[in-house]
Every structure is written in structure tokens, then in C-alpha cells.
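Participant: Have a look at this prediction, sequence included:
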Amino acid sequence: MKKKFIKDTYLLGVEDYDINVIKDDKYGAYISAKHIKDIDKPYIETHSGKNVCLLDNGYYILEYLPVDENYVVRVFLNDKKEIQEYYIDVTKENGYENNTPYYLDLYLDVTIDVHNDNKVIVWDENELEKAVDDNDVSKEEYNMAYGTLRNLLDEISNHSNKFINNNHEQMLNNILNI
């Protein structure tokens, strides 16, 4: 299981960026906003047969790390602050260390493909199974990961997750003081 620090993750090929992190008691979360200033080449993924750029100069990453939940919501936005993808990591714990939010990644991931009617895709179940086989994840942590996943899928389907349903442009503007 990897400890991932918000300031270090999801910056493929990024040479320079601004980051601001706040603790928002209203949301019960650490929230970070990254503004990509210089990247060696755009990071593009294929979604539903269509190329979607997730990282490029002028793009943003908004991350919600809830203190009392076992997941992290990451929102990739283009230079016009339009959502390109939601990416959710299921976590063992979320915390704050060395002036930076972190999470312990439990391998299970969820994406919401906004370019395909918000299709929800679960990723890396095989990685979680391998982690259990390798004794990197306990059976209790495995069960917690799937319980968290079920709750997230319910919240996504009934539009009740406060982080996914947030006004991301306003949050970016507030955090980055734009």
C-alpha cells in the first residue's frame, strides 16, 4: 500500500505548477487546487473511443481529501475550467503530514467518464486482489475497500456525493485566488 502526498501525485510530465491547499471545515476535507503552468507534453487518455486531454498547460486538478472518509476525489479540468474526468481513489486512510494532505491508496479506483453520459468505471480490482495475496492489504482492509466502493457507487448513481456535485470552478477560484 502506497502513501501518496497530494503535492506529488497526478503530475505526469509536469515541469511547473502552482498548488494551494486549504482545510475546509464545511466539507470536512483538505482541498487542493493545482494549476499546470508547464508540461512537457499533453497527457491524453482515450475515453469511449475519443481522445481526452487531462493535463496540459493552463489545466487544473482539484482534489478533495475528506478527513472522515476512505476516498479521494480528483477532478481534472481544462483551461476553460470544464470537467474532463472525475477520478476517485479508495483509501485506507486520509491524513495530513509534513504540511501536506496524504492518503494510503487501497488500489480500487473509479472514474466517471463525462464524455460518455457519466459512465462509471471501476478499475484495478486485480491489483487489490494481488495486494491481499501479497499480504500488503488485510482481509479487513479489502472488505472496507469494497464497502467504500459500494457507498461511492450509490452516491454517484443518486447524485448525493458532495464532492462530485460541488461547483468546482468556484472552488478553484476560491483556492487559487483567481
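Facilitator: Sure thing, it's come through.
Participant: And stretch 93-103, what's buried?
Facilitator: The neighbour-count check on stretch 93-103 (16 or more other C-beta atoms under 10 Å) flags 94, 101, 102, 103 as buried. C-beta coordinates here come from the backbone N, C-alpha and C atoms, glycine included.
Participant: go on, stretch 112-124?
Facilitator: 112, 113, 114, 124.
Participant: How about stretch 5-12?
Facilitator: 6, 7, 9, 10, 11.
Participant: How about the residue nearest in space to the middle of the chain: what's its closest non-neighbour residue?
Facilitator: Most central in the chain under C-alpha atoms, centre = their mean is residue 74, positioned 2.5 Å from the mean C-alpha point. Using C-beta to C-beta, 6 or more residues apart in numbering and skipping residues adjacent in sequence, the residue nearest residue 74 is residue 87, 4.4 Å away.
Participant: so how many other residues sit close to the one you found?
Facilitator: 19 (other C-beta atoms under 10 Å).
Participant: need the contact list for it.
Facilitator: Applying C-beta atoms under 8 Å, 6 or more residues apart in numbering, we find residue 87 in contact with 10, 73, 74, 75, 76, 109, 110, 111.
Participant: Please read off the pLDDT at it from the model.
Facilitator: You'll see residue 87 listed with a pLDDT of 96.
Participant: show me where the chain has helices.
Facilitator: Taking DSSP state H, the helices of the chain run over residues 125-133, 139-157, 168-176.
Participant: so of these, which one's packed in deepest?
Facilitator: helix 168-176 (a mean of 17; mean count of other C-beta atoms under 10 Å).
Participant: Let me see the mean pLDDT of it.
Facilitator: 92.
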